[in-house]
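> Curious how this folds, go ahead:
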Amino acid sequence: MEQQELPVVRALELGWNGAQAEAARPPADARAAIELPPGPRLSPVSLAILAGLAGVAAMTLGALAVVMAGEPGSTPAPTSPTQEQAILSLLSKPSTERIPFLPSGGRLILAVGSGGRAGLVLRGLGPPTAAGVYHAWVRVPSGAPERAAIFTGTERAVSLSAPVPPGARVEITIEPSEGAAAPAGQPVFVAGRDPS
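Numbering: from 1, shown residues only. Next up is the predicted model:
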């Protein structure tokens, strides 16, 4: 049983010249109509899962960049790894509210999760200009302020010990010593959540 050969190869074996061999080749439109079977492709479900994973990775990297950002040359105060991980976890969720403190110029941001769990993200805030330490207070609309954190201003992230419900404000004061029971002066930075 003899194998069937391509017309061009057979023409060359018989000694035809190039013009005769070219005439034996199938026309270009016939070659274009030949389709190869499709290769393996991802299903729409697989593509959706990959897109979701890429989105989560992008949000996590963005949150890490926010937490790691600081003024060039400044050395951040040590923050516990679990505290940074808690803030990173909070920032990576799309439902987290990010509220800048006024008038911090974007150097201090309040991050609040759906359940009121909150933390502060600091970007080169630095220590207070007056003697003392920063205190964060959560103030609900009809209540007294509750101390939620004490920090130096050189940290990258600070977790708040009190939840921040809708309508509450977080006030940052400078207190002369750690452990003040109530704010002694006016807040230097304020961020508030909408009541709804």
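
> Can you spell out the domain ranges of this structure, please?
The chain resolves into domains spanning 1-31, 60-192 when parsed by automatic domain parsing.

> Lowest mean pLDDT across these, which one is that?
If you rank those by mean pLDDT, domain 1-31 sits at the bottom with a mean of 55.

> Just the element for L42, please.
Secondary structure assigned from DSSP states H and E places L42 in neither a helix nor a strand.

> Now it: closest residue in space that isn't a chain neighbour?
If you skip the residues right next to it in sequence, L42 has L50 as its closest partner in space, 7.5 Å away by C-beta to C-beta, 6 or more residues apart in numbering. To be clear about C-beta, it is placed using only N, CA and C from the backbone, and glycine gets the same treatment.

> what kind of secondary structure is that neighbour in?
Secondary structure, DSSP: H, G, I helix; E, B strand; the rest coil: L50 is helix.

> Q85 too?
Using three-state DSSP, the secondary structure recorded for Q85 is helix.

> what separates it from R117, distance-wise?
In this structure, Q85 and R117 are 13 Å apart, going by C-beta to C-beta, to the nearest Å.

> Between those two, which is the more surrounded one?
Set side by side, Q85 and R117 show unequal neighbour counts under other C-beta atoms under 10 Å, the larger going to R117 at 17 against 13.

> can you pull out the helices in the chain?
When assigned using DSSP state H, the helices of the chain occupy the ranges 7-13, 18-24, 28-32, 44-68, 81-91.

> can you map out the strands along the protein?
Counting by DSSP state E, one finds strands in the chain at the ranges 97-100, 108-112, 118-122, 133-139, 146-151, 157-159, 169-175, 189-192.

> Tell me which of those strands sits most buried.
For those, ranked by mean neighbour count under the definition mean count of other C-beta atoms under 10 Å, the leader is strand 118-122 at a mean of 27.

> ok and it relative to strand 146-151, angle-wise?
Note on geometry: by axes from the mean of the first three to the mean of the last three C-alpha atoms, to 10 degrees, strand 118-122 and strand 146-151 are set 30 degrees apart in direction.

> hmm, back to that, quick check: pLDDT value at the residue nearest to L42.
For L50, the pLDDT comes out at 82.

> Bridged to the nearest residue to G179 once chain neighbours are set aside, which residues?
Counting by C-beta to C-beta, 6+ apart, G179 lies nearest to I150, which is 7.3 Å off, once chain neighbours are set aside. According to DSSP bridges, the residues that bridge with I150 are H135.

> In this model P128 seems to touch I150, though I could be wrong.
No: counting by C-beta atoms under 8 Å, no contact exists between I150 and P128, whose distance comes to 11.8 Å.

> what residues are shared contacts of those two?
Any residue near both I150 and P128 by C-beta atoms under 8 Å, 6 or more residues apart in numbering counts here, and that gives Y134.

> D194 versus R107, what's the distance?
Note on R107: its distance to D194, by C-beta to C-beta, is 22 Å.
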